[in-house]
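**Student:** Quick check, what structure comes out for this input:
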Amino acid sequence: MPWIILVLAGLFEVGWAIGLKYTEGFTRLWPTVGTVAAMVISLGLLGLAMKSLPVGTAYAIWVGVGAVGTVILGIVLFHEPLNAMRMISVGLIIAGLIGLKLATP
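**Tutor:** This is a model prediction of the structure:
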C-alpha cells in the first residue's frame with residue numbers, strides 16, 4: 001500500500017507542477033487554488049508513504065514520478081520538444097525508479 005500512496009503522491013506532484021504554468025505567476029485564482037491543493041495532497045501522501053518506506057527511496061521515487069510525468073505532459077500540453085535525448089533521459093529516470101523499487105524491501 002505505501003508504494004501505491006507514493007505513486008499517487010508523485011501524480012499529484014505532476015498536477016501541481018503543470019498547474020504552476022496555468023497560474024501565470026499565481027495571478028489566476030482557480031488555477032492557483034488547484035495547484036495549492038495538489039501541493040498539499042502530494043506532500044500529505046508523501047508523508048504517509050514515508051511512514052513505512054525509507055526517506056531516500058520515497059523522496060527519489062516521488063521526484064522521479066513527478067519529473068517523468070511533467071516532461072510527458074509538457075510535451076503533450078505545451079508542445080515542448082520531443083527528441084531522442086529527452087526520451088533517453090526520461091528512460092534513464094524510469095530505470096532508476098525501477099532500480100530503487102527493486103532494491104527496497
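**Student:** for this protein, longest helix please?
**Tutor:** For the chain, the helix reaching the highest residue count under DSSP state H is reported as helix 55-78.
**Student:** So which bits of it are buried?
**Tutor:** Under the neighbour-count criterion of 16 or more other Cβ atoms under 10 Å, helix 55-78 has 57-58, 60-62, 64-71, 73-75 buried. To be clear about C-beta, it is placed using only N, CA and C from the backbone, and glycine gets the same treatment.
**Student:** Ok, stretch 83-101 next?
**Tutor:** Along stretch 83-101, these residues count as buried under the neighbour rule (16+ other Cβ under 10 Å): Val90, Ile93, Leu97, Leu100.
**Student:** Same check on stretch 2-16?
**Tutor:** Neighbour-count burial for stretch 2-16, with 16+ other Cβ under 10 Å as criterion, is recorded at Ile5, Leu6, Val7, Leu8, Ala9, Gly10, Leu11, Phe12, Glu13, Val14, Gly15, Trp16.
**Student:** need the contact list for Leu77.
**Tutor:** Under the criterion of Cβ atoms under 8 Å, 6 or more residues apart in numbering, the contact partners of Leu77 comprise Ile18.
**Student:** For Met1, state which of the buried residues of helix 55-78 is nearest.
**Tutor:** Sorting the buried residues of helix 55-78 by distance to Met1 puts Ala58 at the head of the list, at 13.2 Å, by Cβ to Cβ.
**Student:** Brilliant, that's me finished.
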